[in-house]
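Asks: Below: sequence and its predicted model.
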Amino acid sequence: MRSETRRFSPICRYLRNRLFLTGMIILTPMILIAVFAPIIAPSDPLEIDAVNKFQTLSREHPFGTDEFGRDVFSRVVHGATISLRVGGLTALLTAIIGVFIGLASGFYKLLDAVIMRFMDGLMIFPGLLLGILLMAALGPHEFNVVLAMTILYTPRIVRIVRGAVLEIKTQDFVDAARVIGVSNIRILWRHILPNCLAPLIVQVTFGFAWAILVESGLSFLGLGTPPPAPSWGNIISDGREFIRNAPWLMIFPGLMISASVLGLNLIGDGLRDILDPRLRNIRSQPESTAG
Amino acid sequence: MWLYLLKRILAFIPAVFIVATLIFFLTRVVPGDPAWVLVGHQLSSEERLAEVRQELGLDKPIHTQYVMWLSKAMQGDFGTSIFFQQPVVKVIAQRFPVTLSLTVLSLLLTILVGIPLGIFSAIRHNTRVDHFSTFFSVLGISLPSFWVGFLLILLFSVTLGWFPTSGYRSLSLGFIPWIRHLILPVVSLSLAEMALLTRMTRSSMLDVLGRDYIHTARAKGLGEGRVIIKHAFRNALVTVVTVIGLIFALGLGGSVLIENVFALPGLGRLIVSAAVRRDYPIVQAGMIYLTGVALLVNLIVDISYSWINPQVAYEK
Amino acid sequence: MMENLSDRYVLDVRNLKVHFFTDTGVIPALDGVDLWVRRGETLGLVGESGCGKTLTARAILRLVPEPGRIMDGEIYLTGENLLVLPEHEMRKIRGDRISMVFQEPMTSLNPVYSVGNQIMEVLTVHRSAMTGKEKKERVIELLKAAGIPSPEQRFFDYPRQLSGGMRQRVVIAMALACGNPQLLIADEPTTALDVTIQAQILEMFREIQDKMDMSILLITHDLGVIAETADRVAVMYAGTIVEYADVVKLFKRALHPYTLGLLKSILQTPQVRARRRLHTIPGAVPDFLDIRNKCRFFSRCAFAHKNICGQEEPEMIEVEPGHLVRCARVEKIEEHRRRV
């Protein structure tokens, strides 16, 4: 099967793809920052220092300080941990749940009608609005942000997986397996799932990017990761009142969001070209919040 | 053709119904007692709370409340705002034009920029222009719009002083003040929309330009302009149009953020503050208005789709 | 002298070279093609898929797809070199003096316009003096001439609503819209159609040709179609012409080993076919990057001699008037033919 040959293909095929390579170059430092935040950050992101409010950029405070005298650089560095954790967890959860629902929906006709109705219902809403409703219902907590975004994004994964299943199901090797008496579960696991992986991986990558954007949006509205945790959206939200006097408060976290999302979207585009050129056109597109 | 249209219009009604139902139950599982909000933070007695609950109908079982709410909503009555103490419809009517101006203008700008850029990029495939527009379109969907909004304020309002930093003037006060207050919000909202539309236009144009009928058109001796616009773009439009509905829905979601950045008194901002205040009649009605508009735009898209793509009319 | 020859020939292609500029290198997809078509005759162009037949057609219309480019050669249409014309002059020729019929009637019509609209467009560009009403009448006339029943109604039909055979008739009507093309290029016009429709369409070509005294360049991989319709045949292999003869001669006395292979694959009795698989030429069209300094058929040829065919590309030789072969081993092949 296609996925098998792919597994053994040399890494250089990935590195030769310009989109993928650029994306990796942008994203890798972000991940390193997120992982080693406690080592990189010079001070505690929550430490208040009333004397040194609104310091401009200096050697001690490369990104200045905020209205409580907190070191913006340390906050942005720790923000990487939070934002990438929330985004990554969402991507992982949507992938797992989406695969299960998508496989079931694509494979069992009866379930399909019910599931797809429900998924379409969820997709009617302008995404961010539903996110706001969910967050208002669930209450501000980091895990609730993950949960709300998972609910928003799972339908897209389900669609992709279901579409792939429906396509693969018609192919001969599935019939052949069925004829020799292979059980449905085994067919799903051994034959269908591996063939769904390419579009799934691409869509999950775009989902990761999407989640970082939405988390920042929700935090900006005060409905995301609860303050004083320094998620990037929160830092921008804190800094908005001081845009005239201390624009650095919001410029740096915004740059970090943009860079991570850009990196992930480029990787997604690259993966799509590498893994499944047929997808190139319409089917998978990076998600935008338009916000 | 007409049958297709009828089907589309009929499908619109249950969709609105499903949305309304989902919204009702989602807003009612919110923890936190609206009666509390109404009575305020003063130490209120249990009796006063019970009284308020009864007034709002909160003492009845949830399904009774749902039926009551739905039957009233169908007559256009969404109850009274807990916070404003005014009919919800009236509160919303003040804010709706703001959101509509913002989102519709963004969509127009998006179409005006995104489609030509996508076409241009496709016919100049693999040139520097194409690489630039491809990069622009990935960048566009990667920037948080609210942050872009702040950057625009910083540059055009704070530094250059060309546009107001925030606020809104109604169109009835004149076109110039209206548009001056909307330019920055519209630009920041449409950046991602443009990027998405450019991408979609480019990829479907590339797909179409490789088709046999394009060769036929050239072999007929048509000029390149006619080949691109009449033959290629008309076919690309079949996919592009379906994206426009999606983009508009995205814009509605994004408007919540943009209205917050620019302090525009729109529906999105109202919904966020109402959600925080547990003013659920506002949240319900506001959500229904916005999703209703999204559905309506989708309906319009479907109708124009059947006009653009004559196959639909014969196949469905 | 060249110009005098061109007067007799409707189409005269000399040393046409088209190269593709890909990431992995330059591919000489057409490597010196010579072709000529006389007034009122049908030249059949045969070869395996990928040998450059369609590209030749596109190049004659100067519509080479990306990343290809015409590098060298001359293309004379009744004595006028098309390759030196400015693009707007060339555009006037396409669809008027040279028309083309494509292989896939399913995809060569634009799905979002009615067939009437698409035929009318040819008149709009080339006959701008005609009024809307005249154009419409003319289109209906064309549809009728192309054997389409109730053309007034079909005018408003979309391609989807017509069968494959009907669509091909529409395409032919479109090719004849301007009246009298000097050259009609038909690229596998019947390949996508089933056998009975095939025969009808080929019959139609013959009728049109008789009536209009038009020259046809018929591209096909099917020697059966050639036998039925062509006057002369050019056999193409890996971007160049390897044999050139009139149709009777070709079937009787083909000389190039490649042509022999093609003929063998169709000229078997049904009994032979039943016993053995269809004769196929071993190997595949060579990689274009790998044919320098030897005969391009070298690796697949049964008659190849390392010191002769493996050293340089053979020249085109005229074995008798009007019969040309690009092979260095013609004597050997003749000898072989006598023995069998």
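Replies: Okay, I see it.
Asks: Is chain B within reach of the helix or strand harbouring C:Thr124?
Replies: Following DSSP states H and E, one finds C:Thr124 within helix C:115-126. Yes. Using CB under 8 Å from any CB of the partner chain, helix C:115-126 reaches chain B at C:121-122, C:125-126. Where C-beta positions appear, they are placed from N, C-alpha and C, glycine not excepted.
Asks: could you dump these to a markdown table with distance to C:Phe298, neighbour count and pLDDT?
Replies: What follows is these, written out as a markdown table (distance: CB to CB, whole Å; neighbours: other CB atoms under 10 Å in any protein chain shown; pLDDT from 0 to 100):
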| residue | distance to C:Phe298 | neighbour count | pLDDT |
| --- | --- | --- | --- |
| C:Glu121 | 47 | 24 | 90 |
| C:Val122 | 45 | 28 | 90 |
| C:Val125 | 47 | 19 | 88 |
| C:His126 | 46 | 21 | 89 |
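Asks: from those residues, which is closest to C:Phe303?
Replies: Taking CB to CB as the measure, C:Val122 is the one of those closest to C:Phe303, at 48.1 Å.
Asks: For the residue found closest to that closest one once you drop the neighbours it is linked to in the chain, what are phi and psi?
Replies: Distances taken as CB to CB, 6 or more residues apart in numbering or on different chains place C:Ala177 nearest to C:Val122, at 4.0 Å, with adjacent residues excluded. The phi/psi pair for C:Ala177 (degrees, to the nearest 10) reads phi -60, psi -40.
Asks: tell me the contacts of C:Ala177?
Replies: Counting by CB atoms under 8 Å, 6 or more residues apart in numbering or on different chains, C:Ala177 touches C:95, C:99, C:119, C:122-123, C:126, C:138-139, C:142.
Asks: remind me which residues of chain A are low pLDDT?
Replies: A:1-12, A:41, A:45-47, A:49-55, A:58-61, A:63, A:65-66, A:68-69, A:276-291 (pLDDT under 70).
Asks: list the helices and strands the lengthiest helix in it packs on?
Replies: Looking across chain A with DSSP state H, the single longest helix is helix A:72-107. With contacts taken as 3 or more CB pairs under 8 Å, 6 or more residues apart in numbering or on different chains; DSSP states H and E, helix A:72-107 sits against helix A:18-35, helix A:37-40, helix A:109-124, helix A:142-169, helix A:193-220, helix A:232-239, helix A:248-275.
Asks: Quick check: which of those helices is nearest to chain C?
Replies: Ranking these by proximity to chain C (CB to the nearest CB) places helix A:18-35 first, at 12.3 Å.
Asks: Looking at chain A, which residue is nearest chain C?
Replies: For chain A, CB to the nearest CB, closest residue to chain C: A:Arg16, 11.0 Å.
Asks: Burial check on that residue, number of neighbours?
Replies: As a burial measure, A:Arg16 scores 12 neighbours (other CB atoms under 10 Å in any protein chain shown).
Asks: residue closest to the middle of the chain?
Replies: Picked chain A for this. A:Phe208 (1.2 Å; CA atoms, centre = their mean).
Asks: hm, I was asking about chain C
Replies: Short answer for chain C (CA atoms, centre = their mean): C:Ile219, at 2.7 Å.
Asks: Bridged to it, which residues?
Replies: C:Leu45, C:Asp187 (DSSP bridges).
Asks: ok, it to C:Asp213 distance?
Replies: 21 Å (CB to CB, to the nearest Å).
Asks: before we move on, what about C:Phe303?
Replies: Counting by CB to CB, the gap from C:Phe303 to C:Asp213 is 41 Å.
Asks: Alongside chain A, which residues does the stretch 201-316 of chain B contribute?
Replies: B:203-204, B:206-207, B:239, B:247, B:249-258, B:260-261, B:268, B:271-272, B:275-276, B:278, B:283, B:287, B:290-291, B:294-295.
Asks: What spatial separation is found between A:Leu122 and B:Ile271?
Replies: 18 Å.
Asks: next one: B:Met74
Replies: 21 Å.
Asks: Give me the more crowded residue out of these two.
Replies: B:Ile271 (28 against 11).
Asks: Was I right to think that one contacts B:Ile282?
Replies: Yes. In this structure B:Ile271 lies within contact range of B:Ile282 using CB atoms under 8 Å: 7.1 Å.
Asks: Up against chain B, what does the stretch 101-250 of chain A have?
Replies: Residues of the stretch 101-250 of chain A lying near chain B (CB under 8 Å from any CB): A:121, A:124-130, A:132-137, A:139, A:209, A:213, A:216-217, A:220-223, A:236, A:240, A:243-244, A:247, A:250.
Asks: let's see it at 7 Å
Replies: A:121, A:124-129, A:132-133, A:136-137, A:139, A:209, A:213, A:216-217, A:220-221, A:236, A:240, A:243-244, A:247, A:250 (CB under 7 Å from any CB of the partner chain).
Asks: and if you look at chain C?
Replies: Selection of chain C residues close to chain B by CB under 7 Å from any CB yields C:61, C:63, C:91-92, C:94-96, C:100, C:102, C:104, C:107-112, C:121-122, C:125-126, C:158, C:160-161.
Asks: From these, list the buried ones, please.
Replies: The neighbour count (16 or more other CB atoms under 10 Å in any protein chain shown) marks C:61, C:63, C:91, C:94-96, C:100, C:102, C:104, C:107-112, C:121-122, C:125-126, C:158 as buried among the residues of chain C next to chain B.
Asks: Just the ones in helices from the residues you listed, please.
Replies: Using DSSP H, those in helices are C:91, C:121-122, C:125-126.
Asks: Outside of the helix holding C:Thr124 itself, list whatever touches it.
Replies: Here helix C:115-126 makes contact (CB atoms under 7 Å, 6 or more residues apart in numbering or on different chains) with B:220-222, C:95-96, C:109-110, C:130, C:135-136, C:138-139, C:142, C:154-157, C:159, C:170, C:173-174, C:177-178.
Asks: do the same with stretch A:183-193
Replies: So stretch A:183-193 is contacted by A:103, A:107, A:165, A:168, A:173-174, A:177-178 (CB under 7 Å, 6+ apart).
Asks: now with 8 Å?
Replies: A:1, A:99, A:103, A:106-107, A:165, A:168-169, A:173-174, A:177-178, A:182.
Asks: Any buried residues in it, and which?
Replies: A:187-188, A:191-193.
Asks: Turn those into CSV, including distance to B:Leu109.
Replies: Formatted as CSV, the buried residues of stretch A:183-193 follow (distance: CB to CB, whole Å):
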residue, distance to B:Leu109
A:Ile187, 50
A:Leu188, 46
A:His191, 48
A:Ile192, 44
A:Leu193, 43
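Asks: which residues does B:Thr201 contact?
Replies: Shown in contact with B:Thr201 (CB under 8 Å, 6+ apart): B:114-115, B:117-119, B:121-122, B:236, B:240.
Asks: can I get the residues you listed in JSON lines with pLDDT and neighbour count?
Replies: Shown next, in JSON lines, are those (pLDDT from 0 to 100; neighbours: other CB atoms under 10 Å in any protein chain shown):
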{"residue": "B:Gly114", "pLDDT": "92", "neighbour count": "29"}
{"residue": "B:Ile115", "pLDDT": "93", "neighbour count": "22"}
{"residue": "B:Leu117", "pLDDT": "92", "neighbour count": "22"}
{"residue": "B:Gly118", "pLDDT": "91", "neighbour count": "26"}
{"residue": "B:Ile119", "pLDDT": "92", "neighbour count": "21"}
{"residue": "B:Ser121", "pLDDT": "90", "neighbour count": "26"}
{"residue": "B:Ala122", "pLDDT": "89", "neighbour count": "24"}
{"residue": "B:Ala236", "pLDDT": "89", "neighbour count": "25"}
{"residue": "B:Val240", "pLDDT": "88", "neighbour count": "23"}
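Asks: Many thanks, we can stop here.
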